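*Asks:* what would the 3D arrangement of this be:
(one chain, ligands or ions: 1)
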Amino acid sequence: MLLKGNVIAVASGKGGVGKSTVAVNLALSLAHMGKKTALIDLDIYGFSIPKILNLEAKPKTLNNKMIPVGFQDIKVMSMGFLVNENAPVVWRGPMLGKVLDHFFDDVLWGETDYTILDLPPGTGDVALDMHQKLPDCQEIIVTTPHPAAVHVAERAGTMAQKSGNKILGVIENMSYFSPPDLDERYHIFGEGGGPALAETLDTQLLGKIPISIPDEKGSTVFEGTPPRHYTDIAKKIIL
Ligand SMILES: Nc1ncnc2c1ncn2[C@@H]1O[C@H](COP(=O)(O)OP(=O)(O)OP(=O)(O)O)[C@@H](O)[C@H]1O
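*Replies:* Residues are numbered from 1 along each chain as shown. Model (predicted):
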């Protein structure tokens, strides 16, 4: 196993809650705090990290091992680097176990303090496979604030518990909107989902991420110094 250090998987009950965005921003925040950080996109059906990071480079190889692609201070691997985006999804499924082996054993990760895994949404076999390969892996569950979302996210949490992965906590994404330079918070997508889920899963609420206005490229990945809501979460993870 070439992957060393702490491994934290980011999971969600359904797609579109911002799991990949949270995974990327969390990895960047940990790197900004001086931690050697890797990010692995395990969403083999709907990999989105290459697009989110605007990465087109393919990993180079050295002695039959792959060199992860660099983005700012983090090292990144994604199924998206290896397959044609238009490859049929049915073809990718049976490869799952092999992909995990490949990413954990055949990539020259070097020294890493933290590896963030972006899991596919839902309750697939990935969490189970992952636990077998990385028994100490911990999970973060991402949800939106709407109380109805808790139901769906809870399944991801239950899956984590069943697979034996420790749940590190819950992140409530798209929690509220604060107009620039104003203190007001508008709870556009409802309220209470994150704390309720944390309570149900008997874990902590790691933090609430506000709705951000995408930049001109449509990105909600921050640049430069991490926003406070991310550093606060990263500090809780490092502890
Ligand atoms: N806090 C936020 N504020 C505003 N937009 C956000 C926020 N978080 C995510 N988004 C946007 O929501 C969309 C979905 O995000 P993302 O791809 O990270 O979700 P996901 O849960 O990983 O989805 P999937 O599993 O389907 O890939 C993206 O357009 C992203 O920019």
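
*Asks:* bridged to I8, which residues?
*Replies:* I116, Q138 (DSSP bridges).

*Asks:* burial of it, as a residue count?
*Replies:* 20 (other Cβ atoms under 10 Å). Just so you know, the C-beta spots here come from the backbone N, C-alpha and C atoms, and that holds for glycine as well.

*Asks:* any idea how far it is from the ligand?
*Replies:* 15 Å (Cβ to the nearest ligand atom, to the nearest Å).

*Asks:* where does that residue land on pLDDT?
*Replies:* With respect to pLDDT, I8 has a value of 95.

*Asks:* could you do L134 as well?
*Replies:* 86.

*Asks:* tell me the contacts of G15?
*Replies:* G15 makes contact with G46, P121, G122, according to Cβ atoms under 8 Å, 6 or more residues apart in numbering.

*Asks:* how about the residues of the protein near the ligand?
*Replies:* For the chain, the residues in contact with the ligand (Cβ under 6 Å from any ligand atom) are 12, 15-21, 43, 46, 48, 121, 173-174, 209, 211-212, 214, 220.

*Asks:* just the ones of the residues you listed in strands?
*Replies:* Among the residues of the chain next to the ligand, the ones falling in strands (DSSP state E) are S12.

*Asks:* in helices only, show me the residues of the chain next to the ligand.
*Replies:* Those of those mapping onto helices are K19, S20, T21, per DSSP state H.

*Asks:* burial check on F71, number of neighbours?
*Replies:* By other Cβ under 10 Å, neighbour count at F71 equals 21.

*Asks:* who touches it in this structure?
*Replies:* So F71 contacts L39, L53, L55 (Cβ under 8 Å, 6+ apart).

*Asks:* the last one contacts I74, correct?
*Replies:* So the one you mean is L55. No. Between L55 and I74 there is no contact, the gap being 11.0 Å when judged by Cβ atoms under 8 Å.

*Asks:* have a look at these two and say which one is more surrounded.
*Replies:* I74 (24 against 16).

*Asks:* partners of that one in the sheet?
*Replies:* Judged by DSSP bridges, the bridge partners of I74 are T37, F71.

*Asks:* quick check: mean pLDDT across the helix or strand K98 falls within?
*Replies:* In this assignment (DSSP states H and E), K98 forms part of helix 96-105. Across helix 96-105, pLDDT averages out at 83.
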